[in-house]
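Asker: Kindly generate the corresponding structure for this input.
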Amino acid sequence: MTKNKKHRYMQDVYKPRIILWGRGFFSQDVYDSLNTNLCEFIGWIDRKVGESRIGVEDYFLPEKLDDASYDFIIVTVKKSYGIKEEIERIDSIDRGRVIYFWEADLRKYYFLIPQVPLYKEEIRLLSFKAENAPYEAGEIIIPKVKGLVETMENLLENGNSLCRFGDAEMRSALKKESQKECLFQAADTRLQDKLYEVLTSSDDGIEIGLADIYGNLDKYIDSEIIFNRTLLCIDDVRKDTMKVLNLERSFANAFVTRPYWRYRDKSHCKTIFDLWKKIWSGRDVLLVEGEYVRFGMGNDLIGGAKTVRRIICPSKDAFAYYDEILKEALDQAESGDLILAALGPTATVLAYDLAKAGYQAIDIGQLDMEYEWYLRGAEDRVSIQGKGVPELINYEVPYDAGTEEYIKQIISIIR
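Answerer: Here you go, the predicted model:
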């Protein structure tokens, strides 16, 4: 039998069983590319099973897959580095059966009709670029976001607190649907209301940090430019943000905790990290962090602090424990403490309430992970042994429980 005849014969008698990995924004496009006359869709892999976009309720855990249960896994997400790392750690998954939809030569797979989703995506990105163009060119008023160094100097010299709004916090404050799919925080109406309160507040000594994405984006790497344009255009995020913000005020730069990976020119990074070290140099630091954050563990980022004490909180859905977390932080805090919170959207709210109580409180975000990548000169986001990286999905870390010094610093655990 010739190769072409064999190929046609397989199409006639056998339908490959397909599992899609990822229920995010692009999953519908990938699902639509399946020719169901030539394949059988049997379900999904997704760590954050939320509301169904397509109406299919069959989900699988990747480590539980039996080779006999599927023929191909198709990864639907564009930024697939985290999934690639996870697949490398799961021996039971045959790498030869994994298709990265947005990277592979899809012509090799007779059961895919990729032209429509690829064409739709090209048109979509062009429309986002056009919609953002007047803002990027400075033709339309945008929020005033300070530079990285100016933001750091305000924190250092004035002892200000910082509440940051990244993409997840902003969408939640604006009550956008996709907050239901946030990887480590379930939708919560109270959290959304509280984030809106913080976003629209104007308290002395409390800096509200915005992502510096509303104007020119040339300083960022290409993938981040695309991501930010998409973020602002989908669900009218830019339009609704402009409605609620006071455009007369200046906002802190939320990227002070993200100074490395997204930037083309990284020459400013040492300055920013050194300024962070100055903020806690010689001070008593109370860290309120997720279980797998392990801020400063294994590096010198917080080595200059006088003392470090840690309150360990749940790595998922921390806001469900918010009252307990806030009470514990207030009970454990001492006069003069610098309080750092690394707890996803919950940290934004926590920093605000602690600042209102009289403490310098900073939503420190993923600064530690950015520092780890900076030290390694990483060209992409990579996993760090012993720590969780939410963007890489494996935030539940199957490594050691921490050094002896780290364990001694833990004064409270909330579960």
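Asker: in the protein, which spans are helices?
Answerer: 3-13, 27-32, 81-89, 115-136, 148-158, 167-173, 189-199, 222-233, 237-244, 269-280, 322-332, 345-356, 367-376, 404-409 (DSSP state H).
Asker: what is the mean pLDDT for the fourth one?
Answerer: The predicted model assigns helix 115-136 a mean pLDDT of 89.
Asker: Can you list the helices and strands that it packs against?
Answerer: Helix 115-136 sits against helix 27-32, helix 222-233, with contacts defined as 3 or more C-beta pairs under 8 Å, 6 or more residues apart in numbering; DSSP states H and E. Heads up, the C-betas are built off the backbone N, CA and C, glycines and all.
Asker: Could you export these as TSV, including mean pLDDT?
Answerer: Output for these, formatted as TSV (pLDDT from 0 to 100):
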stretch	mean pLDDT
helix 27-32	90
helix 222-233	94
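Asker: To residue 123, which of those helices lies closest?
Answerer: helix 27-32 (11.7 Å; C-beta to C-beta).
Asker: Can you point out the buried residues in that closest one?
Answerer: Residues 27, 29, 30, 31 are the ones in helix 27-32 that count as buried (16 or more other C-beta atoms under 10 Å).
Asker: Pick the one among the residues you listed closest to residue 293.
Answerer: residue 27 (28.7 Å).
Asker: shouldn't that closest one be in contact with residue 34?
Answerer: No: between residue 27 and residue 34 there is no contact under C-beta atoms under 8 Å: 11.3 Å.
Asker: which residues touch residue 76?
Answerer: By C-beta atoms under 8 Å, 6 or more residues apart in numbering, the contact list for residue 76 reads 20, 21, 22, 23, 24, 26, 27, 29, 30, 31, 101.
Asker: any idea how far it is from residue 96?
Answerer: To residue 96, residue 76 is 19 Å away according to C-beta to C-beta, to the nearest Å.
Asker: cool, residue 201 as well?
Answerer: For residue 201, the distance to residue 96 equals 53 Å [C-beta to C-beta].
Asker: Over to residue 41?
Answerer: Per C-beta to C-beta, residue 41 is found 20 Å from residue 96.
Asker: Comparing these two, which residue is more hemmed in?
Answerer: residue 41 (18 against 7; other C-beta atoms under 10 Å).
Asker: what sits opposite the more buried one in the beta ladder?
Answerer: Per DSSP bridges, the residues bridged to residue 41 are residue 18.
Asker: quick one, what contacts it?
Answerer: Residues near residue 41 by C-beta under 8 Å, 6+ apart: 18, 20, 31, 34, 56.
Asker: TSV please, covering those and showing distance to residue 342.
Answerer: As requested, those are exported to TSV (distance: C-beta to C-beta, whole Å):
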residue	distance to residue 342
18	38
20	32
31	35
34	40
56	36
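Asker: With that, I have no additional questions.
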